[in-house]
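*Asks:* Structure for this input, please:
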Amino acid sequence: NGDITPELVTAAEKIFMSLANMYKDIEIDIEITGGNDKWHQVNKPSSSHVKGTALDFIINPYNELTTADIENLLSNSPNVNWKNEYKALSQSATGGHFHINV
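*Replies:* Numbering: from 1, shown residues only. Coordinates of the predicted model:
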């Protein structure tokens, strides 16, 4: 429903390319499930999603190995704040996912 910022595009590209390179020998699916979308605009109109500075994504398979790898990658991504909402859902979350924002 709306654009995301160029800074978020750059950060997401780097994160997703790093994951693709990390898992080039096994099949891994990454799906962006939220951005500046209608759900966030209606349900969380003051969120970073509506400002275009946040994305949600899921990963398959989600397991101990991928969790540790993703958390390590996100922890070392400059200017990126993140939450693992597979482990602890935010109050209005509709399911497990990773949340990133710049």
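*Asks:* Buried by neighbour count: which residues of stretch 16-36 qualify?
*Replies:* S18, L19, Y23, I28, I30, T33, G34, G35, N36 (16 or more other Cβ atoms under 10 Å). From N, CA and C alone the C-beta is placed, and that goes for glycine too.
*Asks:* I'd like to check what contacts the helix or strand where the first one lies. Which residues are they?
*Replies:* What it means is S18. Using DSSP states H and E, S18 maps to helix 6-22. With contacts defined as Cβ atoms under 8 Å, 6 or more residues apart in numbering, helix 6-22 is touched by 4, 28, 30, 32, 52-55, 59, 69-70, 73-74, 77, 79-80, 100-102.
*Asks:* go with 10 Å
*Replies:* Residues outside helix 6-22 that contact it (Cβ atoms under 10 Å, 6 or more residues apart in numbering) are 3-5, 28, 30, 32, 35-36, 48, 51-55, 57, 59, 66, 69-70, 72-74, 76-80, 82, 98, 100-102.
*Asks:* just checking, which of those residues belong to helices?
*Replies:* If you go by DSSP state H, the contacts of helix 6-22 have T66, D69, I70, N72, L73, L74 in helices.
*Asks:* Please name the residues that touch the fifth one.
*Replies:* By Cβ under 10 Å, 6+ apart, the residues touching L73 are K14, I15, S18, L19, M22, V80, W82.
*Asks:* Over to the fourth one?
*Replies:* Contact analysis of N72 by Cβ under 10 Å, 6+ apart lists M22.
*Asks:* Next, find the distance separating it from L65.
*Replies:* The gap separating N72 from L65 is 11 Å, by Cβ to Cβ, to the nearest Å.
*Asks:* Next, give phi and psi for the residue lying farthest from the centre of the chain.
*Replies:* Ranked by distance from the centre of the chain (Cα atoms, centre = their mean), the top residue is D25, with 22.1 Å. For D25, the backbone dihedrals (degrees, to the nearest 10) come out as phi -100, psi -10.
*Asks:* wait, N79 sits on T5?
*Replies:* No: counting by Cβ atoms under 10 Å, T5 is not a contact partner of N79; they are 11.3 Å apart.
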